[in-house]
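Undergrad: with the input below, show me the fold.
(chains A, B, C, D, E, F, G and H)
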Number of protein chains: 8
Amino acid sequence: MTSPTENSASSKAPSSPAPRVGVIMGSRSDWETMQAATEILQELGIPFESRVVSAHRTPQWMMDYAVSAEGRGLRVLIAGAGGAAHLPGMVAACTILPVLGVPVQSKSLNGLDSLLSIVQMPGGIPVATLAIGAAGAKNAGLLAARILAGEDAELRERLRAWMESQTDQVMADNVLGT
Amino acid sequence: MTSPTENSASSKAPSSPAPRVGVIMGSRSDWETMQAATEILQELGIPFESRVVSAHRTPQWMMDYAVSAEGRGLRVLIAGAGGAAHLPGMVAACTILPVLGVPVQSKSLNGLDSLLSIVQMPGGIPVATLAIGAAGAKNAGLLAARILAGEDAELRERLRAWMESQTDQVMADNVLGT
Amino acid sequence: MTSPTENSASSKAPSSPAPRVGVIMGSRSDWETMQAATEILQELGIPFESRVVSAHRTPQWMMDYAVSAEGRGLRVLIAGAGGAAHLPGMVAACTILPVLGVPVQSKSLNGLDSLLSIVQMPGGIPVATLAIGAAGAKNAGLLAARILAGEDAELRERLRAWMESQTDQVMADNVLGT
Amino acid sequence: MTSPTENSASSKAPSSPAPRVGVIMGSRSDWETMQAATEILQELGIPFESRVVSAHRTPQWMMDYAVSAEGRGLRVLIAGAGGAAHLPGMVAACTILPVLGVPVQSKSLNGLDSLLSIVQMPGGIPVATLAIGAAGAKNAGLLAARILAGEDAELRERLRAWMESQTDQVMADNVLGT
Amino acid sequence: MTSPTENSASSKAPSSPAPRVGVIMGSRSDWETMQAATEILQELGIPFESRVVSAHRTPQWMMDYAVSAEGRGLRVLIAGAGGAAHLPGMVAACTILPVLGVPVQSKSLNGLDSLLSIVQMPGGIPVATLAIGAAGAKNAGLLAARILAGEDAELRERLRAWMESQTDQVMADNVLGT
Amino acid sequence: MTSPTENSASSKAPSSPAPRVGVIMGSRSDWETMQAATEILQELGIPFESRVVSAHRTPQWMMDYAVSAEGRGLRVLIAGAGGAAHLPGMVAACTILPVLGVPVQSKSLNGLDSLLSIVQMPGGIPVATLAIGAAGAKNAGLLAARILAGEDAELRERLRAWMESQTDQVMADNVLGT
Amino acid sequence: MTSPTENSASSKAPSSPAPRVGVIMGSRSDWETMQAATEILQELGIPFESRVVSAHRTPQWMMDYAVSAEGRGLRVLIAGAGGAAHLPGMVAACTILPVLGVPVQSKSLNGLDSLLSIVQMPGGIPVATLAIGAAGAKNAGLLAARILAGEDAELRERLRAWMESQTDQVMADNVLGT
Amino acid sequence: MTSPTENSASSKAPSSPAPRVGVIMGSRSDWETMQAATEILQELGIPFESRVVSAHRTPQWMMDYAVSAEGRGLRVLIAGAGGAAHLPGMVAACTILPVLGVPVQSKSLNGLDSLLSIVQMPGGIPVATLAIGAAGAKNAGLLAARILAGEDAELRERLRAWMESQTDQVMADNVLGT
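TA: Next up, the predicted model:
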């Protein structure tokens, strides 16, 4: 099995800064949801990498990825999965980095299964769970930014500006049905 | 971390036969539920071992336990867990033995979270899920017996007798409220 | 009523080996879901038969099928049904073979009714329940393979290879969004 | 297996009229719920019998009971069960008598599983489902009375009087908190 | 407000027999679901009438309809409604005829609201609840037939034949995927 | 059947002002929940009456009560009920007064059935639904006060003072665990 | 941040009467649902304004809007929101006007999340909750009308006529399937 | 209204370091749940303050608290609430600090309402949601530690030791039922 380090060519160009956030997901089909996380990271100028890491189909690589993440300079992990979604909790069990879990909307139960199997972690291993689907993925990106902003004054200002612009958009155009 | 092999003194006396079934659970508090599985195994004369193996608190040992189970002669694994219950699915990802999952009744959501996070596995990694709570644990023991009975004619007869006796108990005493 | 034995022309050609797995379902409309089970059995070289057997519309044949299954050489039964899904539990009540239940996604409640009426069996009669829909059907096929592999070293190797190939597919192509 | 006819000593004294309603339940523990049905039948003077008949533990007797019910003079069947509650639906599959299903409150899911596995029958086999628990059992007795009253003018009057007395009780004492 | 008697031109031609079953529903949009009930009544030769009777929009007519139903010769009422579905329960409160309730699938909650507001009646007023949607409507028709068959030997035979033909259809064509 | 007018001795002493709010509930057992509504009305000096009015057991009186409420000077109706809770919706169908519905916590489904059968009203007949249980009953009283305050400046000030005092209680004592 | 007063050009022409009802919603995408409220207000001749006011994206403006609403002559607030829907409850916390909450149907959980986060308010702050989606929005408009009609005899007559016409539509055309 | 700054005497003695984490909750009754968060913060040596801050009963103070938190040196906010739980989301709307939400188990719906109204935030405002009840509160404390550890090597080591000790406890005593 390839070690994650060999495998981890950043999703950014060679000269780009080392990734601070690892965005992982249980299968390729989760990418449609999870790119909402990477888009916001890009918008806020936070370097990241994104990988398919399956708790069930690549358990050993999942553990290697989680165990080595801190050493490779990652500061936050975002993990998306659907159905019996074990990826966020298992990754959180193998690292001390903050792990943010995104429940991907499932086919039959609409993501209620994904949500409960991510959020209902036993005391001892925290997973920061966001909303089901793309809104949750976007918010995972924003939460990563809030976490990293604690030690990065510039990011703090970019984040503040992002929020103000979000407020301004509502204020500029709030009269309906005239 | 101790390897599971060093750690696996059978729960039976030294002269007892090697365990065929491994009964594991995410925490000591699950034992109240899971002993319904071991009772039926005992009643049907199937050697087993029982351990606390936590997907979240002992992830490495969990993987070692699962990976080494087949080589140690185990033929069926029974895994009980509650809440965001990842143990059965993660064990199933690390072995080709049949894994039977028992959703332990949780405090706030009554085991619906346990059930969904065990049963809703993605295609590729099967977990044979039983009912929530002690009824499910008892049935996990019976299902292990049905599986092992495929190659064990004596067990097949003990199992058949057990079912007939269950039927007889209902038939013997079915008139109510007289 | 025709006995199942007369009726059971195998779904394989005359010279093919006797079926080891019986795949049954409550109605023709379940076939779209359940063929995910037969595909995996075919892929792993496990002979099977597939039938519509309705607990509600053909209760006597259902019982005959279940009672005679062991004698006809079947080793595992896979039963799919939707809504108030009684087929897996009733079949399990009439045989000592392992019965694997697949909840078919229902129209109004998305398979939550199918799931609960299959998985919540009382202590005494086990049904190994899989996920709702095609993922569950595929996993039922894989679980049957894990069960049969206990006494079949060649199948064990085919199964191991299947899992490794599944892992390799994820590893080979896990970088996203570059 | 004893045939239900040999086994069916009425729950009334020898000289009492032949039972018109069969009240059956999946296990002795359901009796606490189901006696609300027999109490109302007694109150309205409708002869009945009550039995433990388990779809899962006594499948053959269940079928015999259902198939022979019409011939033995029963006109309505009331069946209570909990969890994966298959008794009402299976009995309905084996008779043309009206079958009334009572979902018994289950331990972990509070009877939601019982309700869905009784009410969500596929088109073709009807089960008249009542509320979860004792209220449902009482109403099953009343529904049986409404059904039998179609051809029994005296019962019709007793039923009408029962409803009027129920109304009067509310009217007589409806001022609160004075 | 027109009285139901004036309004009740049967849905059959003038010379057709008086309706035995009243099929009512809360709104025109429920007709798509509820005609599955009238089709089976037609198939079994049971005269019926069908009306829109809204508990919420025509409460007085609903009460008049329910109160006068017995006197007009109706023997069974079938009531379909969706969402906060009060029609079946309110009709049952105003008659001693058996009332069969059909939960119509609702837009946001898929009929779970319809089901719970029909089935969870308090002790004292029974509603015989069927499955959500068209399967439930069809079964309401069949349940009405089972009820009426108690005093109608010819209907009993037509019903028995209908069930046998249903069985035969499954038996004739149960081999899949050959 | 007694008309509600004869029956409506106010729950206040003879010289007290005519009730502005009618607090009704489906059964005596709902009183434990519903008195939270009357307590807040009393605290805010709003005259009220409280009655058991059952949609299912006293349907005619329920209609009479609803139809006559406006003429008797009531301005708001508060209706509490549990399970298949039809009282609020049926009352709303028979008056143009604002009707506030309180879902009483039910035994098996914890009030989810009560909530859905009150809140999911079809377009055309509004019921202002509050939370399940005593919190909802208290809020029904407060909502009645907010409605009546629109035309009553003194009540408006009492209500404002009540809210400020509620805020002050939190502010006065908000440091924990010191 | 613009104050709501500067921002509140009525959605009606300058000469139109001052709005009595404020219809607000968490995002532009809620307008498709919420216009069912404004349509009924228009039909009943009740002046209103409609705005996007987001609890999460414009928290300060939301508070300003709520705090100033009473002083600006508004008498009822209607607030629609989806998912973790905080708008109705937060507005109710900042005013003594009656606040009517409309749960907008959400993508993954179909509005069950919207419903629970609006209706389950703690004792002390009431929100009058309506059904999920457009039916709830329409009923919010009707409930506002019922509230305002308490002090407006003409509106009372328009409302009564509206309800009678609704009844007449059902009565005029209630025979089905002829 | 007192400003939070005047009101914020730390829950630690005067000489203790300034709090890095603010633990707030909607009512005093949530303290039983939320102290699991403060215990773990204490154990890991992270200074904190704990307050009752109600979104509904003290909306202005809630906003003041959230807006001033960053300036007062807080780095992470933990907010617990039950039912229609708006506190975490509203606080997150008024700060750029990471906000961790703990759903407190509610009386009727067991915390499902709390969970959905905290986790289902719209894209734009993230809340890091933990499990329902005390396990979630404990994990909120641990997640705060993981976040703060990013810039605090000593805390990182204390956290690592804490996790290892948790693993050791399971490993030391994992044999059951001997």
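
Undergrad: least confident secondary structure element in chain A?
TA: helix A:4-7 (a mean of 38; mean pLDDT, DSSP states H and E).

Undergrad: which secondary structure elements does the next helix-or-strand element following that one contact?
TA: Beyond helix A:4-7 in the direction of the C-terminus, DSSP states H and E gives the next helix or strand as strand A:21-25. Identification of packing neighbours for strand A:21-25 by 3 or more Cβ pairs under 8 Å, 6 or more residues apart in numbering or on different chains; DSSP states H and E yields helix A:31-43, strand A:48-52, helix A:59-69, strand A:76-82, helix A:87-93. (Each C-beta comes from the backbone N, C-alpha and C, glycine too.)

Undergrad: which other helices and strands does the second one contact?
TA: In terms of contacts (3+ Cβ pairs under 8 Å, 6+ apart), strand A:48-52 is packed against strand A:21-25, helix A:31-43.

Undergrad: off-centre distance for it?
TA: Taking the mean of its C-alpha atoms, strand A:48-52 sits 9 Å from the chain's own mean (Cα atoms, centre = their mean, to the nearest Å).

Undergrad: next, the angle from it to helix A:59-69.
TA: 170 degrees (axes from the mean of the first three to the mean of the last three Cα atoms, to 10 degrees).

Undergrad: and the first one, by the same measure?
TA: For helix A:31-43 against helix A:59-69, the angle between stretch directions is 10 degrees (the same axes, to 10 degrees).

Undergrad: can you give me the end-to-end span of stretch A:55-74?
TA: End-to-end distance for stretch A:55-74: 19 Å, by Cα to Cα, to the nearest Å.

Undergrad: tell me the gap between it and the middle of its chain.
TA: 14 Å.

Undergrad: ditto for stretch A:77-89
TA: With Cα atoms, centre = their mean, you get 10 Å for stretch A:77-89.

Undergrad: tell me which element the residue of chain A found nearest chain B falls in.
TA: Closest to chain B within chain A is residue A:117: 3.2 Å, counting by Cβ to the nearest Cβ. Per DSSP H and E: residue A:117 is located in helix A:112-119.

Undergrad: separation between residue A:109 and residue C:132?
TA: 7 Å (Cβ to Cβ, to the nearest Å).

Undergrad: which one's more surrounded, these two?
TA: Between residue A:109 and residue C:132, residue C:132 has the larger neighbour count (other Cβ atoms under 10 Å in any protein chain shown), namely 30 against 26.

Undergrad: helix, strand or coil: sort out that one for me.
TA: Taken by DSSP: H, G, I helix; E, B strand; the rest coil, the conformation at residue C:132 corresponds to coil.

Undergrad: residues contacting it?
TA: A:108-109, B:120, C:103-105, C:110-112, C:114-115 (Cβ atoms under 8 Å, 6 or more residues apart in numbering or on different chains).

Undergrad: and the pLDDT for the residue nearest to the spatial centre of chain A?
TA: By Cα atoms, centre = their mean, the mean C-alpha position of chain A lies nearest to residue A:78, the distance being 2.4 Å. Looking at residue A:78, its pLDDT stands at 98.

Undergrad: returning to that earlier point: and for residue A:109 and residue C:132, which residues touch both?
TA: B:120, C:110-112.

Undergrad: what does chain A have sitting close to chain G?
TA: Proximity of chain A to chain G (Cβ under 8 Å from any Cβ of the partner chain) is limited to residues A:105, A:110-112, A:131-133, A:135, A:166-167, A:169-171, A:173-178.

Undergrad: now the buried members of those residues.
TA: A:105, A:110-112, A:131-133, A:135, A:166-167, A:169-171, A:174, A:176 (16 or more other Cβ atoms under 10 Å in any protein chain shown).

Undergrad: what residue ranges in chain A score low on pLDDT?
TA: Residues of chain A that meet the criterion pLDDT under 70 lie in A:1-15, A:177-178.

Undergrad: for it, give the helix that spans the most residues.
TA: Using DSSP state H, we find that the single longest helix of chain A is helix A:153-172.

Undergrad: helices and strands around that helix, which ones?
TA: Against helix A:153-172 (3+ Cβ pairs under 8 Å, 6+ apart) you get helix A:134-148, helix G:59-69.

Undergrad: contacts for the helix holding residue A:117?
TA: By Cβ under 8 Å, 6+ apart, helix A:112-119 touches A:81-86, A:88-89, A:101-106, A:127, A:129, A:132, B:84-86, B:109, B:112-113, B:116-117, B:120, G:108-109, H:115, H:119, H:129-131.

Undergrad: the inter-axis angle of it versus helix A:134-148?
TA: Going by the same axes, to 10 degrees, helix A:112-119 makes 20 degrees with helix A:134-148.

Undergrad: the following helix or strand past helix A:112-119 and chain H in contact?
TA: Downstream of helix A:112-119, the next assigned helix or strand under DSSP H and E is strand A:128-129. Yes - residues of strand A:128-129 are located near chain H by Cβ under 8 Å from any Cβ, namely A:128-129.

Undergrad: other SSEs contacting strand A:128-129?
TA: So strand A:128-129, by 3+ Cβ pairs under 8 Å, 6+ apart, packs with strand A:99-104, helix A:112-119, strand H:128-129.

Undergrad: partner strands of the first one, parallel or antiparallel?
TA: So that's strand A:99-104. strand A:76-82 (parallel), strand A:128-129 (parallel) (DSSP bridges).

Undergrad: check those for me and report the most buried one.
TA: strand A:128-129 (a mean of 34; mean count of other Cβ atoms under 10 Å in any protein chain shown).

Undergrad: which other residues reach that strand?
TA: By Cβ under 8 Å, 6+ apart, strand A:128-129 touches A:88, A:98-101, A:103, A:115, A:118-119, A:136, A:143, H:100, H:119, H:128-130, H:143.

Undergrad: repeat the analysis, applying 7 Å as the threshold.
TA: A:98-101, A:103, A:118-119, A:143, H:100, H:119, H:128-129, H:143 (Cβ atoms under 7 Å, 6 or more residues apart in numbering or on different chains).
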